[in-house]
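*Asks:* just the structure for this:
(2 chains)
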Number of protein chains: 2
Amino acid sequence: MEWKNFDQLASYKKLAELAGSVEVKAVMAGENGAKRVADYQVPMSNGLTYSYAAKAVDEKVLEALCDLAKEASLTEKFAALYNGEMINTGEKRLVLHQLTRGQLGNDVIADGVNKREFYVKQQERIAAFAAKVHAGEIANEKGEKFTTVVQIGIGGSDLGPRAVYLALENWAKKNGFFKMEARFISNVDPDDAAAVLASIDVAHSLFILVSKSGTTLETLTNEAFVKDALKNAGLDASKHMIAVTSDASPLAGSADYLDAFFMDDYIGGRYSSTSSVGGAVLSLAFGPDIFARFLDGAAAEDKKALEEDPMKNPAMLDALIGVYERNFLGYTATAVLPYSQALSRFPAHLQQLDMESNGKTVNRFGEPVSYVTGPVIFGEPGTNGQHSFYQLLHQGANIVPLQFIGFKSSQRETDVDIQGSTSQQKLNANVAAQIVAFACGKDDENPNKYFAGNRPSSIIVGDQLTPEAMGAILAHFENKVMYQGFVWNLNSFDQEGVQLGKTLAKKVLSGNTDGALTAYSKLLGIF
Amino acid sequence: MEWKNFDQLASYKKLAELAGSVEVKAVMAGENGAKRVADYQVPMSNGLTYSYAAKAVDEKVLEALCDLAKEASLTEKFAALYNGEMINTGEKRLVLHQLTRGQLGNDVIADGVNKREFYVKQQERIAAFAAKVHAGEIANEKGEKFTTVVQIGIGGSDLGPRAVYLALENWAKKNGFFKMEARFISNVDPDDAAAVLASIDVAHSLFILVSKSGTTLETLTNEAFVKDALKNAGLDASKHMIAVTSDASPLAGSADYLDAFFMDDYIGGRYSSTSSVGGAVLSLAFGPDIFARFLDGAAAEDKKALEEDPMKNPAMLDALIGVYERNFLGYTATAVLPYSQALSRFPAHLQQLDMESNGKTVNRFGEPVSYVTGPVIFGEPGTNGQHSFYQLLHQGANIVPLQFIGFKSSQRETDVDIQGSTSQQKLNANVAAQIVAFACGKDDENPNKYFAGNRPSSIIVGDQLTPEAMGAILAHFENKVMYQGFVWNLNSFDQEGVQLGKTLAKKVLSGNTDGALTAYSKLLGIF
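*Replies:* Numbering: from 1, shown residues only, chains lettered A, B, ... in the order given. Model prediction:
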């Protein structure tokens, strides 16, 4: 197994030669289109399907992508990762987020402990804590039950857990699993914390401070903001707060918290929804059993990602097609379009996951690469996006590949029949219609009503957005991003690009500035 | 005044020659950077400032852009628009959204009425209605006050009004102007309506059905959904609903609504926040006086857009620099980064405004153009984005221009001092730091810690996010998009690209499909 730059592989040249050989419009036309939909799909776990019929690939391109997978040793690299090699070369860390939901290979021993056992233990401790909160055994100072849980965290401590909470909130309400309302404070903008605090009953709220290092500026500032509010309400902050942190952080074992649950350096923020970072808030909101089902869904999808043959491995295939589009078809962005209001913040999570992992131009050995890497990711739920930015997607100057997500049933299963169809049928009719409209376009004598087509898309389809399905979809994209990082020879697990801004912000706050930094500080009225 | 394609102008060639002549990193370094910040800014209305110091322009490029403005007759074209010429050539309509907040030129008479008077009259009718609701004179069947207002609409009937509502919600609460909670139902996904209905007290809720034509499928479906819920609660739907529609629509004058307020064909959905579409929900939520202040802010900014000299016209200058970046520097996307949690959904509004207006490759005469047009727009509030996708913005393979927005004061003015600075100071220190980090980068022997810089950005800075400031910022971007459409010779006011999907969705629902459309319908379990 070798770590080579993508453009040093024989597949790179071969794929470059194949670029543009498949016209989506042509292959998706007529009954051949129907055959492609039937053939070009891979089963995922938990009843999900990954369909790539509307992508600009054919047997030849797929064969070249399979060769690439082999040449880049994708399966071996994943094995190295889950068996505990130091894959995060920049920060010299293991990468163990898959281990928070299952064990794919050997025991991983680090810092003197079996890491699977460590993660399971944290999950169990959270489950026991959540059960006591739900039973009222852990309660506020007057012995009253906590009704709201508020996560204080930013980046991966916010986006993933918030997206999953919103994804399952209505499902939980419908199915009797809803235990506590969850809210999130992330932005250092004081209006964020103030608005959340004004909208909740602080006396019955439990706050979760999430910071791996215990030193994240935004999070500690918001903690102080919250403690201030608790104090002003005559409450003892230490009776209203727990911490999720590393066991070496100053927050661990502090008397300022009711309890502390641990993550470690081997779980990157954007990969932390299945660790204690997602575990505490989701177990409190929906109960530990639902969180466990979410983990089971992710673990099942991780197993799918083990398959060596990309044609049977949805994450790997999705990754390879994405690389082909990025490096050889020249597309710079990808739109994520879930046809499910519950996934309203899932595109924001994927935006971080993908752009922070692979938005890099230096390989895992710290050498500049000379090919393009991760795309811009954006998206909004359908059908809303249709009435917004789809104009550009259909008729704009640049082609944007599309990632649809859809479900056969709604979560609440409350529906109305209007003009002979339910809302869910209308929703899914729109998905089907859009995929075909993007792929096949429409001829028209009036150029303003002409659709060129050839806009490639894929779709993940499930029966219903359950905890298992959510876990599986989350893991699918984590593994896709990982495989793309392997192809591009990047370290997908550090984020050096966020450091410079932090350093300069500290300079501003210390008053130690010159030049443009001083001028902008004045413009913004900081001093 | 001629409508010519951009590449037929002499300026096109000149700008192409200048492309890449300015290195942001070089011009922003040292004390020259401070001087640029002082010099390269234009006052907007309402105390706002547009700063473009960190853009890849210098006196030569700016001169060429000013020549372009003249050569493309931008001021004359805007005058033609506000004086009532048929600027929306595709749909053969006038474009009058600026007239909803002020009159910039001649009286515009259409459909036999003075349109300014028509819009003012609707605003007055809404103000009177809202006042009665707030006074309890218009109440539910038991004579109890309405406490919640729910907007049912999609696209422009949702994104703009929702963004503005969220922008002013906390300001209104802090300053004693908060009258009613507002909620929004947009997605045809039945879980959207079901979740909103489950979270409100329907007996005390007033619903606003927004559909210009009275035929928008999603909106009528959600109306039926809501009526069902009202009926199930034993309530008379017609006593809980008003309509915002055109006076020719089937909804106008219907006994199904308490009242109806009008817009017309000259207000595009994405430009409708200052019409009755935004007026009803915002006047009910915050009171008609606050809505009037929002309109005043927009009107003042429209006046700024009249200035013939781009160096004194922030919207025109912003537009021209954006065109330069798109057509000559080759950038395909723009990130909108408000450092204000209240603007959390403003990027989603701009995404529609820009991408639906200028995501086109056919000119206003229906002829294909051979240059690129509108970019992909995406964004999230800072500091959250910093902990998410900024990695790619700093070190990714493609440069993405950045549009920052910041305010000297927070809205609630509740703050804490941690480590010697307030949250607001920390927030703005981050803005200043990011602009400089993106522009100037940082040398480092370790390529992983090296920042190339040369990432261009601009910033709009205000004192506080008030109704006036919100109106001005909204109008700024509307006018920017308009000017870019003029340069690109597009019709920025139709949206033919959304039609094909609608047609195909109807086909699916009628069961009249074949090929891939049938196959996807099956995959999605529609029938």
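*Asks:* residues near the residue in the stretch 51-200 of chain A that chain B sits nearest to, how many?
*Replies:* Shortest the stretch 51-200 of chain A-to-chain B distance, computed as C-beta to the nearest C-beta: residue-wise this is A:G155, at 2.9 Å. Quick note: C-beta positions are derived from backbone N, CA and C, even for glycine. A count of neighbours around A:G155, defined by other C-beta atoms under 10 Å in any protein chain shown, yields 27.
*Asks:* ok, now A:P338?
*Replies:* Around A:P338 sit 28 other residues, with neighbours defined as other C-beta under 10 Å.
*Asks:* what of A:S388?
*Replies:* Neighbours of A:S388 under the rule other C-beta under 10 Å: 28.
*Asks:* and the pLDDT at it?
*Replies:* Among the per-residue scores, A:S388 shows a pLDDT of 96.
*Asks:* now A:D302
*Replies:* Per-residue confidence at A:D302 stands at 98 (pLDDT).
*Asks:* now swap in A:G176 and tell me
*Replies:* The confidence metric pLDDT takes the value 98 at A:G176.
*Asks:* what's the answer for A:E137, then?
*Replies:* Predicted confidence (pLDDT) for A:E137: 98.
*Asks:* on the three-state scheme, it is what?
*Replies:* When states are read from DSSP: H, G, I helix; E, B strand; the rest coil, the local structure at A:E137 comes out as coil.
*Asks:* roughly how far apart are it and A:E91?
*Replies:* Counting by C-beta to C-beta, to the nearest Å, the gap between A:E137 and A:E91 amounts to 40 Å.
*Asks:* ok, the worst-scoring helix or strand of chain A on mean pLDDT near chain B or not?
*Replies:* For chain A, scoring each helix and strand by mean pLDDT, DSSP states H and E identifies strand A:417-418 as the least confident one, at a mean of 88. Yes. In this structure, strand A:417-418 sits against chain B according to C-beta under 8 Å from any C-beta of the partner chain; the contacting residues are A:I418.
*Asks:* returning to what we had before: compare A:E137 and A:E91 (neighbour count), which wins?
*Replies:* When A:E137 and A:E91 are compared on other C-beta under 10 Å, the one with more neighbours turns out to be A:E91, at 15 against 11.
*Asks:* quick check: the more buried one is in a helix.
*Replies:* No. Secondary structure of A:E91 (three-state DSSP): coil, not part of a helix.
*Asks:* which residues touch it?
*Replies:* By C-beta atoms under 8 Å, 6 or more residues apart in numbering or on different chains, the residues touching A:E91 are A:265, A:493-494.
*Asks:* can you tell me the closest non-neighbouring residue to the residue of the stretch 51-200 of chain A closest to chain B?
*Replies:* Spatial nearest neighbour of A:G155, chain neighbours left out: B:H387 (2.9 Å); criterion: C-beta to C-beta, 6 or more residues apart in numbering or on different chains.
*Asks:* give the ranges of residues in the stretch 101-250 of chain A that sit below the confidence cut-off.
*Replies:* By pLDDT under 70, the stretch 101-250 of chain A has no low-scoring segment.
*Asks:* strands of that one, residue ranges please.
*Replies:* Read by DSSP state E, counting those that start in this stretch, the stretch 101-250 of chain A holds these strands, from start to end of the chain: A:109-110, A:113-114, A:148-152, A:181-185, A:205-210, A:241-246.
*Asks:* next one: phi and psi at A:Q499?
*Replies:* Taking degrees, to the nearest 10, you get phi -70, psi -40 for the backbone angles of A:Q499.
*Asks:* which residue, other than its chain neighbours, is closest to it?
*Replies:* For A:Q499, the closest residue by C-beta to C-beta, 6+ apart turns out to be B:K449, at 7.0 Å.
*Asks:* could you give the number of residues near A:K408?
*Replies:* By the other C-beta under 10 Å criterion, the neighbourhood of A:K408 contains 15 residues.
*Asks:* pretty sure A:L337 sits in a strand.
*Replies:* Yes. Checked against three-state DSSP, A:L337 lies within a strand.
*Asks:* my read: it touches A:P381, true?
*Replies:* Yes. In this structure, A:L337 sits in contact with A:P381. The criterion is C-beta atoms under 8 Å, and the distance is 7.4 Å.
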